[in-house]
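Asker: coords please:
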Amino acid sequence: MAYSKDTRIIFTNHAKKRLIDRKISEYEACQTIQYPDSTGANQNGATEFRKKINAIYITVVALYKENGWVVVSVWRDPPAQGTLDARHSMLYRAYQKAGFWGKIWIIIREQFGF
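Answerer: Predicted coordinates for the structure are as follows:
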């Protein structure tokens, strides 16, 4: 179902938390749904809206219900500095580059919270 001016956009509590955690404004999420660069279906039957805003790709996952679009989750690529997503991205890149013992060390550090 395409977006129209009278279509409501509703954010779940999870989506609201992700907006705050990932430093994305509700306005950016709404713009992504209203004017997406691309859309696609995911395996759960939801629609993924993608839009490039100021060199940042915003992805919004939403389900269409009878009362409008229900936003399930939101993320950005690249992640905002200082967020948990940025930390996970950095650790993933370090893990991919590391040798065997480096990978073991990264796993141990993460398990003990260093």
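Asker: report the residue ranges of every domain in this structure.
Answerer: The chain breaks down into these domains under automatic domain parsing: 1-77, 79-114.
Asker: show me where pLDDT drops low in the protein?
Answerer: 1-6 (pLDDT under 70).
Asker: hang on, residue 51 in a strand?
Answerer: Yes: applying DSSP: H, G, I helix; E, B strand; the rest coil, one finds residue 51 inside a strand.
Asker: with adjacent residues omitted, what lies nearest to it?
Answerer: Closest residue to residue 51 apart from its sequence neighbours, by C-beta to C-beta, 6 or more residues apart in numbering: residue 32 at 4.2 Å. To be clear about C-beta, it is placed using only N, CA and C from the backbone, and glycine gets the same treatment.
Asker: count the residues that sit near that neighbour.
Answerer: Residues within reach of residue 32, counting by other C-beta atoms under 10 Å, total 26.
Asker: contact partners for it?
Answerer: Contact partners of residue 32, counting by C-beta atoms under 8 Å, 6 or more residues apart in numbering, are 49, 50, 51, 53, 58, 59, 60.
Asker: just name the closest of those residues to residue 98, please.
Answerer: Using C-beta to C-beta, residue 59 comes nearest to residue 98 of the contacts of residue 32, at 28.2 Å.
Asker: figure out how far whatever helix or strand residue 31 lives in is from the centre of its chain.
Answerer: In the assignment (DSSP states H and E), residue 31 maps to helix 26-34. Remark: helix 26-34 is offset 13 Å from the chain centroid, using C-alpha atoms, centre = their mean, to the nearest Å.
Asker: how about stretch 47-57?
Answerer: The answer for stretch 47-57 is 10 Å, by C-alpha atoms, centre = their mean.
Asker: which parts of it are buried?
Answerer: By neighbour count with 16 or more other C-beta atoms under 10 Å, stretch 47-57 contains the buried residues 47, 48, 49, 51, 53.
Asker: cool, stretch 25-41 as well?
Answerer: 28, 29, 30, 31, 32, 33, 36, 39.
Asker: please report the distance of the spatially most central residue of the chain from residue 107.
Answerer: Most central in the chain under C-alpha atoms, centre = their mean is residue 75, positioned 1.5 Å from the mean C-alpha point. Counting by C-beta to C-beta, to the nearest Å, the separation of residue 75 from residue 107 is 25 Å.
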